[in-house]
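# build the 3D model from these lines:
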Amino acid sequence: MRAKRLTGGVAALLAVTLPLVACGSDDSSSDGEALRKTTVLLDWDPNPDHVALYTAKEAGYFEDAGLDVTFQPPSDPSDPTKLVSTGKIDIGISYEPETIISGSQGLDVVAVGALIPTALLSVMANGDSPVKSVADLAGHTIGTPGLQTNDAFLTTILARNNIDPASVKSVNIGQDLMAAMVAGNVDATLGAYRNIEGVMMTDQGLNPTIIPVTDAGVPDYDELVIIAQASRLKSDPAYQKLIRDFLSGLARGNADVIADPASASKIIAAEADGYDEAQVPKMIDATVPLLKNDKGFGQQDVSDWQAFADWMKSEGLIDKAVTASDVVTNDYLPAGSGS
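Residues are numbered from 1 along each chain as shown. Here you go, the predicted model:
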């Protein structure tokens, strides 16, 4: 559940053996070859944004590609870029802005495909909150998951709307977004998604205020992206094949979700703890249109990434300019997914 904080730490995650390409596995594909074990570190607890990932696994598409895939929730949403950069994790799910920030800091990551190619992040508040607009953030407390992205966006949103940052108290609430809003521990959050927490709060009659960040001064971007270790992609053919095979299986899962949302809802409901089963189909219905990429599955527009990176630099959200082609590539997507 996106609103729940996970237990455990990075140390426990690192204690697990996570080879980039496993050999000698007892698992075998249908043609008798050993499956390559790979761990994918999610950006959050399993939730409807991950529906294509779990649909691909349930359908056996990763096995068809020769992979034994394990999805690992993070102990912190910032873990994927850190652990993929150091090679401790094969593949991660992260965000375009976080990937750009990581690139500006010299982390060894590159986005190899867009999972959700549009922004979902929103300023959100419970209906009982005094926050009904961006202007209302002045004098109130806003909770974030502690990601650099969210903190940076809050800075620019306040500046764009002429709000004194000293009048806003920002607190790191980790993954406890929904609970913090419902309990009134914060007046608003910047980290919730309109297709998940927005659906949950609306369905529960909480009459939420939902302000997409794109309506508050932030340009559109690819919300969720698949990231890999950049240097290893340049030097390791086995890792290149691993990434290609993973994206190939994921593309098939994504197509299944779009074609049959009802079946996909059942799959993700079995994986995402803490959701009302009656709400999951509504979340999937809100998510499916966002999975449709006009450029083809996974395709990322490098020029758009460059424009967004330049915007981040101009807003002071990153200190060092980023060349988009250093942090994003479409080279490993399956043939036919784009021009």
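# C-terminal to the helix or strand of the chain with the lowest mean pLDDT, what's the next element?
Every helix and strand of the chain was ranked by mean pLDDT, DSSP states H and E. The lowest is helix 10-14, at a mean of 35. Using DSSP states H and E, the helix or strand that follows helix 10-14 in sequence is strand 36-41.
# name the helices or strands packed onto that following strand?
The contact analysis (3 or more CB pairs under 8 Å, 6 or more residues apart in numbering; DSSP states H and E) places strand 36-41 against strand 67-72, helix 79-85, strand 91-94, helix 237-259. Just so you know, the C-beta spots here come from the backbone N, C-alpha and C atoms, and that holds for glycine as well.
# return the most buried member of those.
Highest mean neighbour count among those (mean count of other CB atoms under 10 Å): strand 91-94, with a mean of 26.
# avg pLDDT for that strand?
Mean pLDDT, computed over strand 91-94, is 98.
# before we move on, what about stretch 125-137?
Predicted confidence along stretch 125-137 averages 96 (mean pLDDT).
# give me the pLDDT for Asp176.
Value for Asp176, per-residue pLDDT: 84.
# what about it, how many residues close to it?
19 (other CB atoms under 10 Å).
# look up how far Thr38 lies from it.
30 Å (CB to CB, to the nearest Å).
# reformat the helices and strands packed on strand 36-41 as CSV; add distance to Asp187.
Output for those, formatted as CSV (distance: least, CB to CB, whole Å):
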stretch, distance to Asp187
strand 67-72, 33
helix 79-85, 28
strand 91-94, 28
helix 237-259, 35
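# among those, which comes closest to Asp220?
Minimum separation from Asp220 across the helices and strands packed on strand 36-41 (CB to CB) falls at strand 91-94, 17.1 Å.
# thinking Leu224 is in contact with Ala114, fair?
Yes - using CB atoms under 8 Å as the test, Leu224 is close enough to Ala114 to be in contact (7.3 Å).
# what helices or strands is the single longest strand found in the chain leaning on?
As assigned by DSSP state E, the longest strand anywhere in the chain is strand 109-116. Counting contacts by 3+ CB pairs under 8 Å, 6+ apart, strand 109-116 packs against helix 79-85, strand 91-94, helix 96-104, strand 224-229, helix 230-235, helix 237-259, helix 280-291.
# now tabulate the ones you listed in a markdown table and tack on distance to Pro130.
Below are these laid out as a markdown table (distance: least, CB to CB, whole Å):
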| stretch | distance to Pro130 |
| --- | --- |
| helix 79-85 | 34 |
| strand 91-94 | 33 |
| helix 96-104 | 28 |
| strand 224-229 | 31 |
| helix 230-235 | 45 |
| helix 237-259 | 38 |
| helix 280-291 | 27 |
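# next, the contact list for Asp245, please.
By CB atoms under 8 Å, 6 or more residues apart in numbering, the residues touching Asp245 are Arg36, Phe62, Ala65, Gly66, Leu67.
# try 10 Å
Arg36, Thr38, Tyr61, Phe62, Asp64, Ala65, Gly66, Leu67, Val69, Tyr332, Pro334 (CB atoms under 10 Å, 6 or more residues apart in numbering).
# quick one: low-confidence parts of the stretch 51-200 of the chain?
Scanning the stretch 51-200 of the chain for pLDDT under 70 picks out no residues.
# all strands for it, in order.
For the stretch 51-200 of the chain, strands defined by DSSP state E, counting those that start in this stretch occupy the ranges 67-72, 91-94, 109-116, 121-125, 141-144, 169-172, 188-193.
# each with direction, which strands does the first one pair with?
When pairs are called by DSSP bridges, strand 67-72 turns out to pair with strand 36-41 (parallel).
# could you give the average pLDDT over the partner strand?
96.
# now swap in stretch 211-230 and tell me
96.
# check which residues of it are buried.
Of the residues in stretch 211-230, those with enough neighbours to count as buried (16 or more other CB atoms under 10 Å) are 211-213, 216, 218, 221-230.
# quick one: it to chain centroid distance?
Averaging C-alpha positions (CA atoms, centre = their mean, to the nearest Å) puts stretch 211-230 9 Å from its chain's average.
# one more: stretch 95-111?
Centroid separation for stretch 95-111 versus its chain: 13 Å, with CA atoms, centre = their mean.
# got it, and stretch 95-112?
13 Å.
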